[in-house]
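Trainee: how would this look folded up:
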Amino acid sequence: MNDSTVNLSETTETVSSARILVVDDDRLNRMKMRKAVQHLGHRVDVAENGVEALEALNSTPYDVVLLDIIMPEMDGFDVLAEMKKHDEMRDVPVIVISALDDETESVVKAIELGAEDFLPKSFDPVLLRARVGASLTKKRFRDQEKEYFGRIERLTVAAEILESGRFNPESLDLEDLAQKNDPLGRLAAVFRGMAAEIYQRELKLKRAIQTLQGTFLVLAVGLVWGLTPALSRMASGLGSQPLGLAIWVNGIAAVFCLSIAAYRGKIPRLNFKEFMFFVYWAIIAGILQRMTTFVATEHVEAAMLSLVVTLQGFMVFAFAAITGMERASPRRLIGLIVGLVGVSLVLYTRFDGTNGAQNAWLLFALLLPLLFAVEAIVLAGKRPENIDIFASVGLMMAFSAIMLTPWAYFSGDLLSLGPQVGRLEFLVVLMGIVAASSLLLAFHLIATAGAVFYSQSAYAMTIAGVVWGMLLLSEELSFLAWGAFAIIVVGMYLVEPKANDEELVIKRSFNDRN
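Mentor: Prediction:
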C-alpha cells in the first residue's frame, strides 16, 4: 500500500507500545518519521494532510499525533482547532513538527491551541523518544484520571438514584465497578450490597402487603360469589326461567356499574378491537357462565356446585402452564393431580348408578369452572387497561343482556317482574348487585394479582357457597365430601401461587434534607 494513505505498520506490539499518527504532506518526512517511531516500538499510521488526519482520528483511537503545521487543504492549526471540538479527540496529545528557526510563532500558536510539545524537522532520535515518552505519560495519566472521575461520577449517579426514592440493585449499575480491588471498588461493593439488602427487605415487605391485599380480595370474591348458587336455586324455586333470569340479572348489574361509571365521567368510546373484546367477554361470562350457573342450580345442590367450582384453580394453572404464563414444576403437577383426585371424590359422593339424569347434571356443572378459568385467562391477557373497571363490567353485562333478549323473546322465556316488589323481585335485584360486585372484585384482582392468584378465589367461593347453602337452603355435605374438599385444599397448597419475578421498584427516599 502506498504510504501517502493511512497505513498500519506490521511491527510487533510491545508492552509499552502505543498507536501513533504521523501527519505530514511531505512523503520523505513521513517515511523518516514513521521509521523513527517504529524503531521506538510503537505502531504507526500516516496521513498526508489534515483531512486524512481527522478521518483517521474519527475511526481509530490514537495515543499521540505527530502533526506538521504547514500543509495544503487543512493545516495543523485547523486540525488542532477541530480536535478540541470533539470529546474523543480533545485529550489526544499532539506534538507539532516545525522548522524551529523560521516557525517559532507558529509553534507558539500551536501550543496555545492545545499542542503538547514540538519537534524540529531535523530531530534527534533521543529527543523524539523523550518527547513521545513524555506525551504518552501525560496521555495515560489523563486516561487514568478520566477513568477515575468516571467511576466517581457513576457512584454519584447511583447515590442520586438511591436518594430519589425509586431504585433497585440493577438500576445502580455498579456490578463491574464493584469488582475492582481499590478504594472506589470497595466503596462501590459496599454501596451495592447495602442497596441490595434494603431492596430485598423492602421487597419482602411489599410482597407481604400485596399478598395480604390479594388474600382479602380473594376472600371477598368468594364471599360475594358464593351467594350466587344459593340465590339462583331460591329464584328457580319461585318459578323463574334461567334465560329470563340471566337477562334481568345482567341488566341490573349493567345499570349499577354504568351509572357509577357515568357519575365518574368514565364512559368510554370503544374502538373495534375493544368492542370485540367486550363481545367475547359477554359471551363467555355474561351468557355461557351465567346460563350454566342458573341451569345447573336447578338440578345440583348449591353446596355441591360450589365444590365443583374449585376445579377452576387447577384449570387456570393448566392453561397457564400450556400457554407459558406459569412454569409447570413437579410440585405443581403433583398438586394438580391431588386436586383432581379431590374433585373426583366430590363427584363420586354424588354419583348414583341408578340416577343417570343427576349424573349428567353433575358433568354439566363441570362447564362452570372451565368458563371461569377461560374468563380469567382472557381478562389477564386481553383486557383493555385504559377502560375504567366499572365501565368494563357494565359494558360486558349490557352486551350480554342485549344478546340474550332476542333469544328469550322468541323462546317465550322472558321474565315479567313487578310492578310490586315481591320475593322474586327482591332476589333478582340482589342477584344483579351480587353479580356486579363479584365481577368488579374479580376484575380488580386479576388486574392487580394476575389470573393465577385469582384462581385461588375458587376455594373461597367453595367455602362461601357451602356455608350459604347450609344457611339459606339447609343443605348438608357428607363426611366424604368434606374429606374430598380437604384433599382439594392440599392440592392447592402444593400448586402454590407464582412468585412475582417482575422487577419491582421500591419507592423510598433517603433524602432527609426536606
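
Trainee: hey, where'd the strands end up in the stretch 251-400 of the chain?
Mentor: Taking DSSP state E, counting those that start in this stretch as the criterion, the stretch 251-400 of the chain contains no strands.

Trainee: next one: the chain
Mentor: Along the chain, counting by DSSP state E, strands occupy 19-23, 43-47, 64-68, 94-98, 117-120, 166-167, 506-507.

Trainee: Turn the ones you listed into TSV, columns for distance to Phe294, mean pLDDT and mean neighbour count.
Mentor: The C-beta positions use only the backbone N, C-alpha and C, and glycine is treated the same way. Output for the strands of the chain, formatted as TSV (distance: least, C-beta to C-beta, whole Å; pLDDT from 0 to 100; neighbours: other C-beta atoms under 10 Å):
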stretch	distance to Phe294	mean pLDDT	mean neighbour count
strand 19-23	83	92	24
strand 43-47	85	92	23
strand 64-68	87	90	27
strand 94-98	88	86	24
strand 117-120	94	84	19
strand 166-167	49	67	17
strand 506-507	46	54	14
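
Trainee: how about JSON lines for the ones you listed, with distance to Leu245 added?
Mentor: Shown next, in JSON lines, are those (distance: least, C-beta to C-beta, whole Å):
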{"stretch": "strand 19-23", "distance to Leu245": "85"}
{"stretch": "strand 43-47", "distance to Leu245": "88"}
{"stretch": "strand 64-68", "distance to Leu245": "89"}
{"stretch": "strand 94-98", "distance to Leu245": "90"}
{"stretch": "strand 117-120", "distance to Leu245": "96"}
{"stretch": "strand 166-167", "distance to Leu245": "50"}
{"stretch": "strand 506-507", "distance to Leu245": "47"}
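
Trainee: now Ala435, nearest residue through space, not along the chain?
Mentor: Nearest non-adjacent residue to Ala435, counting by C-beta to C-beta, 6 or more residues apart in numbering: Ala253, 4.6 Å away.

Trainee: and if you look at Val279?
Mentor: Leaving out its chain neighbours, the residue that sits closest to Val279 by C-beta to C-beta, 6+ apart is Phe399, at 6.0 Å.

Trainee: hang on, the residue nearest to Ala435 packs against Val429?
Mentor: No: the pair Ala253 / Val429 is not scored as a contact, 10.2 Å apart, by C-beta atoms under 8 Å.

Trainee: the more surrounded of those two?
Mentor: Using other C-beta atoms under 10 Å as the criterion, Ala253 and Val429 rank with Ala253 on top: 29 against 16.

Trainee: Quickly note the distance from Ser416 to Ala188.
Mentor: Separation of Ser416 from Ala188 (C-beta to C-beta, to the nearest Å): 76 Å.

Trainee: what about those two, which has more around it?
Mentor: The neighbour comparison of Ser416 against Ala188 (other C-beta under 10 Å) goes to Ala188, with 23 against 6.

Trainee: For that one, list the residues it contacts.
Mentor: Ala188 makes contact with 151, 154-155, 158, 174, 177-178, 180 under the criterion C-beta atoms under 8 Å, 6 or more residues apart in numbering.

Trainee: Surely the residue nearest to Val279 and Ala285 touch.
Mentor: No: look at Phe399 against Ala285 with C-beta under 8 Å: they stay out of range, at 10.2 Å.

Trainee: what about those two, which has more around it?
Mentor: Comparing Phe399 with Ala285 by other C-beta under 10 Å, the one with more neighbours is Ala285, at 24 against 21.

Trainee: Would you mind giving the domain segments of the chain?
Mentor: The chain resolves into domains spanning 19-143, 213-495 when parsed by automatic domain parsing.

Trainee: Just give me how far the shortest one sits from the chain centre.
Mentor: Looking back up the chat, that one is domain 19-143. The gap between where domain 19-143 is centred and where its chain is centred comes out at 52 Å by C-alpha atoms, centre = their mean, to the nearest Å.

Trainee: Please shift the residue numbers so they start at 43 in all later answers.
Mentor: Done: numbering now begins at 43, and the last item shifts to domain 61-185.

Trainee: Can you check the distance spanned by it, start to finish?
Mentor: Terminal residues of domain 61-185 are spaced 15 Å apart (C-alpha to C-alpha, to the nearest Å).

Trainee: on that earlier part again, and among the domains of the chain, the most buried is which?
Mentor: domain 255-537 (a mean of 19; mean count of other C-beta atoms under 10 Å).

Trainee: Contact partners for Lys77?
Mentor: Contacts of Lys77 (C-beta under 8 Å, 6+ apart): none.

Trainee: Kindly report the same for Leu466.
Mentor: The contact partners of Leu466, by C-beta under 8 Å, 6+ apart, come to 277, 280-282, 459.

Trainee: Among these, which are located in helices?
Mentor: Among these, the members falling in helices are Ala277 (criterion: DSSP state H).

Trainee: CSV please, covering the contacts of Leu466 and showing distance to Ile62 and pLDDT.
Mentor: Rendered in CSV, the data for the contacts of Leu466 read as follows (distance: C-beta to C-beta, whole Å; pLDDT from 0 to 100):
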residue, distance to Ile62, pLDDT
Ala277, 93, 85
Leu280, 99, 84
Gly281, 101, 80
Ser282, 95, 82
Leu459, 96, 83
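
Trainee: okay if I get the contacts of Leu466 as JSON lines plus distance to Leu108?
Mentor: Below are the contacts of Leu466 laid out as JSON lines (distance: C-beta to C-beta, whole Å):
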{"residue": "Ala277", "distance to Leu108": "97"}
{"residue": "Leu280", "distance to Leu108": "103"}
{"residue": "Gly281", "distance to Leu108": "104"}
{"residue": "Ser282", "distance to Leu108": "99"}
{"residue": "Leu459", "distance to Leu108": "99"}
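
Trainee: now, among the contacts of Leu466, which is nearest to Arg72?
Mentor: Distance to Arg72, by C-beta to C-beta, is smallest for Ala277 among those, at 100.3 Å.

Trainee: Just want to check the distance between the closest one and Glu244.
Mentor: 49 Å.

Trainee: Leu109 now?
Mentor: Separation of Leu109 from Glu244 (C-beta to C-beta): 57 Å.

Trainee: Next: Ser458.
Mentor: Using C-beta to C-beta, Ser458 is found at 59 Å from Glu244.

Trainee: Could you do Glu343 as well?
Mentor: To Glu244, Glu343 is 48 Å away according to C-beta to C-beta.

Trainee: what's the answer for Ala200, then?
Mentor: From Ala200 across to Glu244, the span is 17 Å (C-beta to C-beta).
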